[in-house]
Structures are given as C-alpha cells and as structure tokens.
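Asks: missing the sequence, but the structure's below:
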C-alpha cells in the first residue's frame with residue numbers, strides 16, 4: 001500500500017479500511033469506487049453485476065457495508081447474481097424484496113425505483129427515460145465518474161460532482 005493510500009482523506013480513515021479499499025481496488029477499480037461512495041453515504045445502495053467470491057463479500061463487510069445477493073434472470077433465461085451493498089438495512093431489504101428471483105427489466109417504473117435506491121437525481125432518470133444519453137453540459141471525464149446519465153443543467157449532479165471527483169481522484173492516486 002502506498003503512502004498516499006495510507007493517508008486517504010475519508011471520514012472512515014482507519015488503516016483497516018484503507019487496506020480493504022486497496023484490496024477491493026485490486027479486484028476492480030469500479031468496485032472500490034462504488035464501495036467508497038456507498039461508505040461515504042453518497043450512494044444509499046450500490047449494485048455489482050459481476051461475480052464476487054465470499055472473500056470479496058467479506059471485504060465489503062469489513063468496510064461496515066451490509067451485503068446481499070439477488071438472483072435475477074436475463075431475457076435468454078440465464079440466471080445472474082447481483083451483489084448489493086449499503087450502510088442501511090432497509091435499502092438491502094427493499095432491493096431484495098422487489099427484485100430477488102425476478103427477470104431484469106428496464107421499464108420506466110423499475111428505472112425510477114432503482115434510481116431512488118442508487119441515489120440518482122430523479123430529473124436525470126426521467127430525462128434518460130424520455131431521451132437516453134441526451135447531450136448534457138458535463139465534460140467527458142465528469143460523466144465518466146457518475147453512475148447515472150446526467151440531464152442538461154442538473155443542479156443535483158452539479159452538487160455531487162465535487163465529492164465524486166474527490167473520491168475518484170483519491171482512488172486513482174493510491
């Protein structure tokens with residue numbers, strides 16, 4: 001672990017958390033990024049759509065994140081397992097109760113509910129439903145670090161970007 005990683009300026013700045021963040025980053029940068037955004041409370045719930053081992057799940061738990069796994073099906077009938085994590089049990093329970101053993105669907109109702117759980121601005125989701133990937137006023141780099149497609153002139157995204165950028169840049173340095 002580099003010195004920069006040891007001195008990550010997060011509210012949860014224990015050496016154990018720092019080691020866990022670095023271990024998650026070795027699995028996948030985006031997984032570590034989602035975990036820190038969730039730990040910091042910027043995302044109420046996060047979903048990881050790739051397979052995680054029990055050891056990987058334990059890393060999330062070591063960050064004081066609650067975890068759950070939900071089995072879903074895609075249009076071909078194939079089962080997929082989604083890993084969800086949050087600081088709040090209610091978000092885990094809501095996601096599990098709503099989506100466990102259900103087909104993945106992209107209906108407007110589902111997109112709106114997921115956006116609430118994942119902490120996406122409602123204006124952005126509604127705009128995305130009407131016009132996916134409509135031009136916005138973000139730079140390519142700003143849009144890249146978000147997990148939602150921002151709508152043009154979104155006030156909420158503008159407020160989120162400094163915190164997202166701080167965490168993204170910090171993880172890139174360690």
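Replies: Okay, I see it. Predicted, not measured: the structure shown is a model, and the values here were computed from it.
Asks: for the protein, what's the longest helix?
Replies: helix 155-173 (DSSP state H).
Asks: Buried ones in that helix, by neighbour count?
Replies: For helix 155-173, burial by neighbour count (16 or more other Cβ atoms under 10 Å) applies to 156, 157, 160, 161, 164, 167, 168, 170, 171. Glycine gets a C-beta too; all of them are placed from N, C-alpha and C.
Asks: now swap in stretch 34-47 and tell me
Replies: The neighbour-count check on stretch 34-47 (16+ other Cβ under 10 Å) flags 34, 35, 36, 37, 38, 39, 40, 43, 44, 45, 46, 47 as buried.
Asks: For those, name the two members farthest from one another.
Replies: The two members of those with the most space between them (Cβ to Cβ) are 40 and 47, at 16.9 Å.
Asks: my read: residue 152 touches residue 134, true?
Replies: Yes - Residue 152 lies in contact with residue 134 (Cβ atoms under 8 Å); the separation is 6.9 Å.
Asks: tell me, what's touching those two both at once?
Replies: Taking Cβ atoms under 8 Å, 6 or more residues apart in numbering as the contact rule, residue 152 and residue 134 both touch residue 127.
Asks: Quick check, pLDDT for the nearest residue to residue 17 once chain neighbours are set aside.
Replies: The spatially closest residue to residue 17, leaving aside those adjacent along the chain, is residue 63, at 6.0 Å (Cβ to Cβ, 6 or more residues apart in numbering). Looking at residue 63, its pLDDT is 95.
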